[in-house]
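Participant: Pasting the sequence and the predicted coordinates here, then a few questions.
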Amino acid sequence: MTTTEYQSFVRSRMKPGLSTAEQLTNWALGMAGEAGETVEHVKKHVFHNKPLSIPAIEEELGDQLFYLVATATTLGISMDRIMERNKEKLTDRYPKGFTTAA
């Protein structure tokens with residue numbers, strides 16, 4: 001699946017009838033909530049010696065991706081553009097790859 005195909009899929013699953021402000025609030029809160037669920041899995045693994053469930057993390061990351069793409073879609077931004085701009089920023093910041101000195 002391409003980023004464009006996934007963005008179209010997400011568009012078809014977004015709640016209709018919300019104002020732009022309501023959509024952005026919904027997606028931002030969704031991202032934060034799903035990030036919190038991911039953090040909870042990692043916390044239990046690191047501090048409670050629970051096995052790390054890769055399928056659970058995968059599910060939470062997918063939920064975060066949905067909300068991220070919904071936010072971009074609401075704002076009319078393609079995922080390709082977001083990825084390219086992020087790549088440019090990180091290439092400028094770390095031209096030879098990450099180093100602690102950079």
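Facilitator: Thanks, I have the structure now.

Participant: what residues does stretch 55-70 touch?
Facilitator: Contacts to stretch 55-70, defined as CB atoms under 8 Å, 6 or more residues apart in numbering, come from residues 6-7, 10, 13-14, 23, 26-28, 30-31, 34-35, 37-38, 41-42, 79. No exception for glycine: its C-beta is placed from N, CA and C like everyone else's.

Participant: Tell me where the chain has helices.
Facilitator: 3-13, 20-47, 54-74, 79-93 (DSSP state H).

Participant: quick one: average pLDDT of stretch 67-81?
Facilitator: For stretch 67-81, the mean per-residue pLDDT is 97.

Participant: Quick check: buried residues in that stretch?
Facilitator: Judged by neighbour count (16 or more other CB atoms under 10 Å), stretch 67-81 contains these buried residues: 67-74, 79.

Participant: Give me the distance between the two termini of that stretch.
Facilitator: 17 Å (CA to CA, to the nearest Å).

Participant: Ser12 - how many residues pack around it?
Facilitator: The burial metric for Ser12, expressed as a neighbour count using other CB atoms under 10 Å, is 6.

Participant: cool, and the one 3 residues further on?
Facilitator: The number of residues packed near Lys15 is 10, by other CB under 10 Å.

Participant: where does it land on pLDDT?
Facilitator: With respect to pLDDT, Lys15 scores 95.

Participant: My guess is it contacts Thr25. True?
Facilitator: No. The pair Lys15 and Thr25 fails to qualify as a contact (CB atoms under 8 Å) at a distance of 11.6 Å.

Participant: How confident is the prediction for the residue in the chain sticking out farthest from the centre, by pLDDT?
Facilitator: Relative to the centre of the chain, and counting by CA atoms, centre = their mean, the farthest-placed residue is Ala101 at 27.6 Å. Looking at Ala101, its pLDDT stands at 83.

Participant: do the same with Ser19
Facilitator: In this prediction Ser19 is given a pLDDT of 98.

Participant: Quick check: the gap between it and Ser12.
Facilitator: 19 Å (CB to CB, to the nearest Å).
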